[in-house]
Every structure is written in structure tokens, then in C-alpha cells.
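Participant: coords below, sequence missing:
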DNA sequence: ACTCAATTTGTGAAATTACACAAAACGTTC
DNA sequence: GAACGTTTTGTGTAATTTCACAAATTGAGT
């Protein structure tokens, strides 16, 4: 290049940011591929709320990232090596700015942002920004290598936790500190099951998504065949279960929305404080997935082990009813009647029980008149010799219906 | 004795009954200790409905026996060797009569009844009746010996059935025929648990009671330590489960009422047709007893294996929750709250669930205002983070409450 | 004794449910 | 297609439940 202002070497990214800032006369921010702040210029104090928030939190706020995805800015940056202009988005305090992605071969390593506070960058300056991006490349590669090495250590540690390879809690805590993670005082393990083996690209997408979600904090993550396993800190979260649920649904939604990755099934463990229980948590999360495999419809909305309810017991119940082979007398009668008379008493009963014995709701779901349902219930209790006011009987029917479904 | 009209030997009891009838000028009936008809006089055709029913059915009708117990007649006969006069009881078609018991040492072998249709027996005739009783003694002892031998065969056969010692159904049916019992087309096994080891007297009382109950038919019975085991035919009974339930309660009530034997626990199996399933039935009946031992309060009214409901699964559930040691999060929260604030939320929840979520009934049992209960339920769902409209959650709580109870 | 929050009880209106009855629809059998 | 029993739906009323709100009670802490 004939006129590259950034040929000179530089020691730190901060120094470099200031240099670019001086050339372009606007504040500069450099981020990694996961939108973590790497450096920002300080010689210019004009700025906007989004930049302040980024600098304070050492990362781009989640809502800003969301907005940039929605506006198509990030997809463009990931597709093109040219600078892209972003219009003001007032709601999130984002002023006009220009961004460019930093590339190594076919991979994006990070981004440079230039705020257009008072002036708009011309074509030449845009070009200059592109050159700046090229100049940071090597620095970012170094950083990435360092990070990869650390990442490997994380992986190894996480698998040790998941398999209870570390015996004492002290040992675990030491290891946490060694990796510069503060051990969580309460945590959970989540597992996401994908519909295909996860490739390198998927891994990157996942890592990206996990890094940009700020709460809850994903301390460790790893991928095993079709499963993504997360170790989640719940420190300082008031309603951990709510949060976990929201997170699980959010993650799945974003994976689909941003990367078109579909049909992910999620499961997470109870909340524990004892770091020796990571393996147990892992098992719990996988139990949730296993229940969802067996009962796709009924367990669709259940993600947490806590919420499994009766399905916590489903395995032993299946086993027991298999060995004893005791069909439920009432169900047998109803099934016989259904077959003979072309009726749907069994289904009716199940819907009724699913809706907590609420005639109105059940009738709605069945698309029949309330009185019809009442009539059927009367027949059901006659034919099946069931007392629908007896919780023991109802619960047994509920369980046996679910069990039957599995066979 | 100076003047015994019955010194002469006689061939059959029938002949003897006629002889006595002629001496006393009134119809005579002879029964064994279990009120089965042994013989009756025919030379006199004056009679009353109770006697006709006895002769037709070859046994004294149950309601007549009941009445005689209530009037104190049978207890007196079992206590005294003297003839006893019975006043007319119109409701059961019983005319005036005199009865005397037949003794061998301290044991009653049977009874002789003399109807006072037109005349009343004088003292001399009463004495004569007593002599007649003495004269039948030897004949009855013979009968009893024969019966005892048969009884032993029954016992052996029953234990073979209970332990699945006979392999093919054909074998079983042949054995039934050999013992002159017609194999039932449907049956059940019932077990009664007594609070003490059963002695010879108890056995007799039990045998007596079983013989006098006409429906359902007890084909076989045996005693094992503190347990009475029955093999019950359900042929020709429309609502077998109802009948069994009624029978179990009746048996316990009568044992107490007549013999003062208390705190009997009853359990019976499902109804089966396959005679190869006697052992399974026996196990089922014992399972009921075992549940009642573990859950005396909740299973008090449950006698049938069919009605066990969730308690059918209780063993595996206990085991599962033991190995996993997963306390229910909601219950834990509620227990903590109860302890801290001196409240009864857990109990409230249980009563509520026991009453099928019926606020009114539950409030009644708890002796609080309906609104109080509603308030508590609201607190319960807040504190325990429970959705009381979700059947899965409710069922889980129900199960976990019962499980907790067991610990 | 006072304060405070939590709990209990009372009241009444609105919503929901239970139930009886009649009419209509449906499917089967002859 | 007529006759039959079963099922579905509509209507109306009585009973019950739900819910909000106010008042009274409790009990622990100061």
C-alpha cells in the first residue's frame, strides 16, 4: 500500500486505538469477535451512552448486540470486509458510527468501531479504517492463541467436574482460582441437545452466543457430540429457576433466529451450592432430556429437573408396572368401551386430568360442550367404576395414563 | 339313667331325629356346630318358615343365626348343657322352639332343635331332649373325624395353590374335583391380620364364622401364625369388589361383636379367573397389609389391591427417593416457613390435596374459615412457588408428602 | 403497652359449576 | 327407513366457588 498510516509497530492495542482515533478524529473502540472490549481511545472525550456502557462493562451491552443483529449490522460485518455505517438507534443510546470487521483468513477476529460524533467519515477515511482493521489482525491472533490455550484448560477442568474427578471441594476451589474464575456459591448445569453432530462453525456460533449473554454467567461450557453442556453461576440472582428457564428458552430462540439452528432440546439441573454435586447436576439435566425424549408432548415445556414432577419417578414406575403387569382395571374397562362404541372416554379422561379437573378448560381443548364433557365424565365414572372426587384414584389414573403412553 | 328312651342304637341321624320327634311330639332338627343341617324329622309336617329355609338350604339362614346371636341364644347354648327356650321372632319366621347343645367334653358338636308348634314342652320333655343330645354325641364325633380328615386335605391343597406348587391348570382343576369343590370361574384371596398368634379357640371361632357367612363362598381357608388366608369364590356375584369389601368389613365386625377379637386388618387381592394366579393374589393381599402397616391412617379404608392406587407404587417410590435424596423444593420451603413462623402450611396443603382440592371440605377438616384456607393456599403457592392449577405439581406434592410421611 | 406484619374471619358481588330436562343428532340393528 | 339406545347440545336454575375488600385477631419484637 502506498500510504498506510499504521505501518509503524505498536506495543499495545490501547496505543493503537489512540493512534487511529487521532488519524480519523473520532473515538475508536476495538472489540473481539464476542464483543468484549479489547481497547478504546482516550484522547477524545466525545462519546455516546452505548460506548460508555461498553467501556464500563468491558463488553458491549446485550441489548446493543441484539439491536445490531436485528438491524442486520452484525450479519453484514460477518459477511463483508468493508466498513459499514450504522444509523443512530436512540432507544439504546447508539449514535452514528462506522464499523469494520477484523479478519484472519475466513474468520472474524473482532471489530473496530469509529464514532461519528461531529463529523461523518468520508470514503478515504473509511478506507483508512479498513487498513486499521488489517493492522490489528496480528495482535488479535496473539490474543486468540493465548485464549485458546486457556480454553483448553477450561475444557479439561469442566470435564473433571462433570465426572467427579476431583475429590475434595478444596481441590475444586483451588482449580477455580487457578483458572481465575471465582467459584460460584450456587450453580446449575444445563444441557442442550442438538439434532445433529456439532461442527466447528456451530461451536463458534454457540461460543459467541454464550459470551454475549450476560446473565446468567456461563462459567464453563463444553460440547460432546450433539450436546452442549453449560456450567452456570447463579450468584446474585434472586429467582434462579425463573432465570434459568428464561435463559434456556432465550438460547434456543437466538440459535434459531441468528444461526438458523433448529430443534434444540434443553434441560437443566436443580440449583446446588456444593461444588461436589456437579456430576449429579449433569445427570439431572440429562434426565430431563431423557424424559423429553420419552414424553415429547407432555414434557415440552419442562426444562428444569425441579419441574419434572412425576416424571422424576417415571423410570421406576415404568419398570414396576412392567414387572407386575397390572393393568389399571378402570382404564381397561374404558378402553374396551372405547373400542366397542367408538368413543373417546380415555382421551377425555386424560385431557380432563391434564387440566386439573377443570371442566371448562378440558371441554375447550376437546372442542365439545361443557355438558358433553360432564356427561362423559359421568359415563367414565360409571364404566370405569371411578370416583372422580378421590385424589388417590385420580392420581393413579393420571400416572397409569402416562405410563401407558410410554408403552 | 333309669328311663332313657334313646338307649337303643340307631343307624342314621335321620332315623334318630324321627325317633325323638315321636317321643316329644314336635318337629326335630339336628345341626352341627356350624349350623349346617345334619338331620330333620319328617313324621310331622307342622313347621315354620325358618325351619323350611334351613331344610331347603341345608343350613340355617344367616339372618336367623344373626338373630339368635343377638338374642343371646347361641351364646347361652355354647355355655350351658341345658335346653333353652327361644321366643318367636316374627321377622325371620322363627316360631317358638327349644334348643339344646350337643357336647363332647368341653366342646359343642352341634344342636338339636325342637319346634313347639302346638304344645309347649314340659320339664320332663326338656330333660328328654337333653338325653337325646347326649345320645347323638357319638354319631357326631364320627362325622367330625371324617370332616377333620377332609379338612387336612383342604389345607394341603390350599397351600399348594398359595405357593404355586401345582404347575398346570388342569392339575389344579382335577384336585378341586377330587376334593369335591367346583373350581370357581373367578376368585380372590383375602388375608386377615390378627394382633396375636391364633390359638385353637380362635381357629374354631373363625371357622364357625366363615361357615355361617353364605356369600361370598369361602372355598378354602387356612391360618398361618397371625394371619387368616381365604380363597374366595366370586361365581355369580355381580359386583365382586363391592361384595369383597363388604365381606371384609363384615368379618371384622362380627369377630369383634361375637368373640371380642379386635384390631384385625384386612386385605384382599384383585379378582382373577386364572387359577394359576392364586400365588399372585396371595401376594397382592399381603401387599395391601404391608401398605396398611406403613400408612395406617391413609390406607385404613382400603382393603382391595385394586383400590391401593398410588400405594401400589409406594415401594419403588420410597426406594427411588431414598437413593436420589431429592427433597421436594416446595415442601422444603414450606417446612422452613412453618418452623420459622409456627404455621401449618404443609399440613394445610396435605389436607387440601387429600380432599381433591376442595376448599370447602378441607377447610372443614382443618376447622378454619374457607377464606382462611384460601389465604393459606395463596401463601403456599407463593412460598413454595407452586402452581396449584398444575396437576403434575400437585401430584408430585401429594406423592412426596406421602413419601415423607413414611420416613 | 405499643407497633407492626401476618393471619384469620366476615361480607357480598361476580363468576363458575352442577344438575335436570328436553331436543336434536348419531349409529346400529332389524 | 323405522326403532332403538347412546351421545351431543342447548336452556335455565340452584348451588358453589372465587375474589376483593374490610375488619378483627394474633403474636413477636421493641
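Facilitator: In hand now; what should we look at? None of these values were measured; they are calculated from a predicted model.

Participant: what about residue A:260, how many neighbours?
Facilitator: 8 (other CB atoms under 10 Å in any protein chain shown). From N, CA and C alone the C-beta is placed, and that goes for glycine too.

Participant: Also the one 4 residues further on?
Facilitator: Neighbour count for residue A:264, taken as other CB under 10 Å: 17.

Participant: Would you map the strands across chain A?
Facilitator: A:28-32, A:37-40, A:84-86, A:97-104, A:107-115, A:187-193, A:217-224, A:227-233, A:265-268 (DSSP state E).

Participant: Just list what the longest one packs against, helices and strands only.
Facilitator: Under the contact definition 3 or more CB pairs under 8 Å, 6 or more residues apart in numbering or on different chains; DSSP states H and E, strand A:107-115 sits against helix A:13-24, strand A:28-32, helix A:73-79, strand A:97-104, helix A:123-162.

Participant: Give me the buried positions along the longest one.
Facilitator: For helix A:123-162, a neighbour-count test (16 or more other CB atoms under 10 Å in any protein chain shown) marks A:125-126, A:128-136, A:139-140, A:143-144, A:154, A:157-158, A:161-162 as buried.

Participant: Same check on the fourth one?
Facilitator: Taking 16+ other CB under 10 Å as the basis for neighbour counts, the residues of strand A:97-104 that come out buried are A:97-103.

Participant: what does the stretch 1-150 of chain A put close to DNA strand D?
Facilitator: For the stretch 1-150 of chain A, no residue is in contact with DNA strand D (CB under 7 Å from any atom of the strand).

Participant: what about the stretch 1-150 of chain A, any weak spots by pLDDT?
Facilitator: Scanning the stretch 1-150 of chain A for pLDDT under 70 picks out the ranges A:1-5, A:7-9.

Participant: can you tell me the residue of it closest to chain B?
Facilitator: Nearest to chain B, among the residues of the stretch 1-150 of chain A, is residue A:62, at 26.3 Å (CB to the nearest CB).

Participant: show me what contacts the closest residue to DNA strand C within chain A?
Facilitator: With CB to the nearest atom of the strand as the measure, residue A:360 is the residue of chain A nearest to DNA strand C, at 3.3 Å. When contacts are counted by CB atoms under 8 Å, 6 or more residues apart in numbering or on different chains, residue A:360 touches residue A:370.

Participant: Distance of it relative to residue B:387?
Facilitator: The gap separating residue A:360 from residue B:387 is 17 Å, by CB to CB, to the nearest Å.

Participant: Also residue A:44?
Facilitator: Distance, residue A:44 to residue B:387, by CB to CB: 54 Å.

Participant: the more surrounded of the two?
Facilitator: Neighbours per residue, other CB under 10 Å: of residue A:44 and residue B:387, the larger number sits with residue A:44, 16 against 13.

Participant: so what's that one closest to, chain neighbours aside?
Facilitator: residue A:27 (4.9 Å; CB to CB, 6 or more residues apart in numbering or on different chains).

Participant: Next, count neighbours for that neighbour.
Facilitator: 26.

Participant: Residue A:338 now?
Facilitator: Residue A:338: 16 surrounding residues under other CB under 10 Å.

Participant: Could you do the one 4 residues further on as well?
Facilitator: Other residues lying near residue A:342 total 7 when counted by other CB under 10 Å.

Participant: got it, and residue A:14?
Facilitator: The burial count for residue A:14: 15, using other CB under 10 Å.

Participant: re earlier: turn the helices and strands packed on strand A:107-115 into a markdown table, columns for distance to chain B.
Facilitator: Shown next, in a markdown table, are the helices and strands packed on strand A:107-115 (distance: least, CB to the nearest CB, whole Å):
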| stretch | distance to chain B |
| --- | --- |
| helix A:13-24 | 47 |
| strand A:28-32 | 39 |
| helix A:73-79 | 37 |
| strand A:97-104 | 44 |
| helix A:123-162 | 18 |
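
Participant: Could you pull up the contacting residues of the closest residue to residue A:14 other than its chain neighbours?
Facilitator: Leaving aside its chain neighbours, residue A:14 sits nearest to residue A:39 (4.6 Å; criterion: CB to CB, 6+ apart). Residues counted as contacts of residue A:39 (CB under 8 Å, 6+ apart) are A:12-14, A:16-17, A:29-30.

Participant: Make JSON lines out of those and add distance to residue A:347.
Facilitator: Output for the contacts of residue A:39, formatted as JSON lines (distance: CB to CB, whole Å):
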{"residue": "A:12", "distance to residue A:347": "69"}
{"residue": "A:13", "distance to residue A:347": "65"}
{"residue": "A:14", "distance to residue A:347": "68"}
{"residue": "A:16", "distance to residue A:347": "68"}
{"residue": "A:17", "distance to residue A:347": "66"}
{"residue": "A:29", "distance to residue A:347": "60"}
{"residue": "A:30", "distance to residue A:347": "61"}
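
Participant: Generate a ChimeraX selection restricted to the buried entries among the residues you listed.
Facilitator: Command for ChimeraX, covering only those of the contacts of residue A:39 found buried under the criterion 16+ other CB under 10 Å:
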select /A:13,16,17,29,30
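
Participant: picking up where we left off before, would you convert the strands of chain A into a markdown table that also reports distance to residue B:79?
Facilitator: What follows is the strands of chain A, written out as a markdown table (distance: least, CB to CB, whole Å):
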| stretch | distance to residue B:79 |
| --- | --- |
| strand A:28-32 | 103 |
| strand A:37-40 | 103 |
| strand A:84-86 | 109 |
| strand A:97-104 | 109 |
| strand A:107-115 | 105 |
| strand A:187-193 | 76 |
| strand A:217-224 | 83 |
| strand A:227-233 | 81 |
| strand A:265-268 | 74 |
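
Participant: wait, isn't residue A:213 in contact with residue A:247?
Facilitator: Yes - Residue A:213 lies in contact with residue A:247 (CB atoms under 8 Å); the separation is 7.1 Å.

Participant: out of those two, which sits in the more crowded spot?
Facilitator: residue A:247 (21 against 16).

Participant: ok, now how distant is residue A:224 from DNA strand D?
Facilitator: 45 Å (CB to the nearest atom of the strand, to the nearest Å).

Participant: Tell me how many other residues surround that residue.
Facilitator: Taking other CB under 10 Å as the definition, residue A:224 ends up with a neighbour count of 11.

Participant: Output the below-cut-off pLDDT ranges for the stretch 301-407 of chain A.
Facilitator: For the stretch 301-407 of chain A (pLDDT under 70), the answer is none.

Participant: could you pull out the helices for it?
Facilitator: Along the stretch 301-407 of chain A, counting by DSSP state H, counting those that start in this stretch, helices occupy A:314-324, A:329-341, A:345-354, A:359-366, A:370-383, A:391-406.

Participant: Tell me which of those lies nearest to residue A:84.
Facilitator: Among the helices of the stretch 301-407 of chain A, the nearest to residue A:84 by CB to CB is helix A:359-366 (49.4 Å).

Participant: Any buried residues in the closest one, and which?
Facilitator: In helix A:359-366, counting by 16+ other CB under 10 Å, buried: A:361-363, A:366.

Participant: quick one: that helix to helix A:345-354, angle?
Facilitator: 130 degrees (axes from the mean of the first three to the mean of the last three CA atoms, to 10 degrees).

Participant: Please state the offset of helix A:359-366 from the chain centre?
Facilitator: Centre-to-centre, helix A:359-366 and its host chain are 34 Å apart (CA atoms, centre = their mean, to the nearest Å).

Participant: does DNA strand D sit close to that helix?
Facilitator: No - using CB under 7 Å from any atom of the strand, helix A:359-366 stays clear of DNA strand D, with a minimum separation of 8.0 Å.

Participant: So which bits of the stretch 251-400 of chain A are right by chain B?
Facilitator: Counting by CB under 8 Å from any CB of the partner chain, the stretch 251-400 of chain A comes close to chain B at A:270, A:306-307, A:309-313, A:315-317, A:319-320, A:324, A:326, A:329, A:353-358, A:385, A:389-396, A:398-399.
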